[in-house]
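1. Task: produce atomic coordinates for the following.
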Amino acid sequence: MNWQVTQLLMGWWLNDRDRRSAGLDHMAADATRPTSQPTRRKYAAASDGIQNMSKPISVADHIAITEVLEKYNQGVAKADSSIMKPAFAEEATIFGVENGKLSGGAITALYQGIDTDFRPSPEGRAVIAYINVTGTAANARVDTNDVSGLCFTDYFNLLKVDGTWTIVSKIYHTNDAPKS
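-> The predicted model follows:
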């Protein structure tokens, strides 16, 4: 990637003060650019939108979401849905693709599958790949290996309801665990 492209990409995520201190004065919303006036206005509006979206994220929210996701992880690893149930809203859903077709519905399908088709998997490993939080909404990705002979990538949507984070939906992709 050439330096100008790098500067452009960096500039989109910086506010005007940070652009100037990073030596990107030419990217400030009020900077003169060799472009038409409508383009300058469009750029200024876009940079203002990005600026307004970047708010501090609460460490407490990340910790609380991690605790919710760990309830799910523990329930999967121990093949016990009663451990994970508190992590989910009663109205939560689960969807994936099985044999090329959409599969899922109410979260109770997950609980049944965990209790009947899974076995305790102390060798299983899970990692929270990311957590994104905006106000009372969040999403997260969890990658799980070697649980009942399977590997999963799970995407969770969470909402903060009455001060408590809860999973409202899960979508997933399943792979066979690698042969040892």
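2. Please enumerate the strands of the protein.
-> All strands of the chain, identified by DSSP state E, fall at 88-98, 101-106, 125-134, 137-147, 150-161, 164-176.
3. Relative to the longest one, what are the paired strands and their orientations?
-> With DSSP bridges as the criterion, the sheet partners recorded for strand 164-176 are strand 88-98 (parallel), strand 150-161 (antiparallel).
4. and it, average pLDDT?
-> Regarding strand 164-176, the rounded mean pLDDT is 95.
5. okay, now the closest residue to residue 164 other than its chain neighbours: neighbour count?
-> Setting aside the residues directly before and after it, residue 164 is nearest to residue 64 in space (Cβ to Cβ, 6 or more residues apart in numbering), at 7.7 Å. In short, each C-beta sits where N, CA and C put it, glycine included. Residues within reach of residue 64, counting by other Cβ atoms under 10 Å, total 18.
6. pLDDT score for residue 64?
-> pLDDT, read off for residue 64, is 97.
7. wait, it sits on residue 166?
-> No: in this structure, residue 64 is not within contact of residue 166 by Cβ atoms under 8 Å, at 10.2 Å.
8. which helix is the longest one in the protein?
-> Taking DSSP state H as the criterion, the chain has its longest helix at helix 59-77.
9. So which residues make contact with that one?
-> Residues outside helix 59-77 that contact it (Cβ atoms under 8 Å, 6 or more residues apart in numbering) are 81-88, 114, 118, 120-122, 124, 126, 128, 131, 133, 138, 140, 142, 144, 147, 154, 156, 158, 160, 164-167.
10. Repeat the analysis, applying 7 Å as the threshold.
-> With Cβ atoms under 7 Å, 6 or more residues apart in numbering as the test, helix 59-77 has contacts from 81, 83-84, 86-87, 114, 118, 121, 124, 126, 128, 131, 133, 138, 140, 142, 144, 147, 156, 158, 165-167.
11. Ok, stretch 165-173 next?
-> Contact with stretch 165-173 is made by 64-65, 68, 87-89, 92-96, 138, 152-159, as judged by Cβ under 7 Å, 6+ apart.
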